[in-house]
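> just the structure for this:
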Amino acid sequence: MAAHGSLPPPWAAIVLTLATFRLLRLIGWDTFPPIAELRGWILGEDWSETDKHAEREGFQKWELRSKVRSDGHPKGERWMLADLVGCPFCLGLYLSVAVYVLWLWQPTAVMYAAAPFALSAAIGLIAKNLDP
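Numbers count the residues shown, from 1 in each chain. The predicted structure follows:
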């Protein structure tokens, strides 16, 4: 267990930061069909298949029929939750607190779990920003 009130060492902080960023992207914006469909179901959104060609190729593409209501809020039964999930500052705060508290409780286990997410975040950022 980490010392009470301690901060992670620099390398651990980097891994935790990258892992939290990747979790934020996964929960809030990833378009991987099972994740997007689960997020839509949790938020009460109306999702439908839109690409029959992709389906024939073995993939499924999901698209929200109408993303915004007339009052500007995301469409769905749980629009307040959708506002939370769609806000990187809000969702990022809650995820950061959760990751930090888990690290305080079980630092080794959290680092093992965070490493693949941190590597994925680093590779994604490198690919997005350094590829021509």
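
> alpha carbons of stretch 100-115, as PDB, please.
Extracted in PDB, the C-alpha atoms of stretch 100-115 (Å, rounded to 0.1, in the frame of the first residue of the first chain):
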ATOM      1  CA  TYR A 100      -5.300   7.800  -7.800                       C
ATOM      2  CA  VAL A 101      -7.400   6.300  -5.000                       C
ATOM      3  CA  LEU A 102      -6.900   2.800  -6.500                       C
ATOM      4  CA  TRP A 103      -3.100   3.500  -6.800                       C
ATOM      5  CA  LEU A 104      -3.000   4.500  -3.100                       C
ATOM      6  CA  TRP A 105      -4.800   1.300  -2.200                       C
ATOM      7  CA  GLN A 106      -3.100  -1.200  -4.500                       C
ATOM      8  CA  PRO A 107      -0.100   0.500  -6.200                       C
ATOM      9  CA  THR A 108       1.400  -2.600  -7.800                       C
ATOM     10  CA  ALA A 109      -1.800  -4.000  -9.200                       C
ATOM     11  CA  VAL A 110      -2.900  -0.600 -10.500                       C
ATOM     12  CA  MET A 111       0.500  -0.200 -12.300                       C
ATOM     13  CA  TYR A 112       0.200  -3.600 -13.900                       C
ATOM     14  CA  ALA A 113      -3.400  -2.800 -15.100                       C
ATOM     15  CA  ALA A 114      -2.400   0.800 -16.200                       C
ATOM     16  CA  ALA A 115       0.600  -0.200 -18.200                       C
END
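
> averaged pLDDT, it. What do you get?
Stretch 100-115 carries an average pLDDT of 95.

> buried residues of that stretch, list them for me.
Within stretch 100-115, the residues that count as buried by 16 or more other C-beta atoms under 10 Å are 100, 103-104, 107, 110-111, 114. Just so you know, the C-beta spots here come from the backbone N, C-alpha and C atoms, and that holds for glycine as well.

> quick one: the helices in this structure?
10-28, 33-43, 52-56, 79-85, 88-105, 107-130 (DSSP state H).

> of those helices, which shows the lowest average pLDDT?
helix 52-56 (a mean of 45).

> please name the nearest non-neighbouring residue to V110.
Nearest residue to V110, sequence neighbours excluded (C-beta to C-beta, 6 or more residues apart in numbering): W103, at 4.5 Å.
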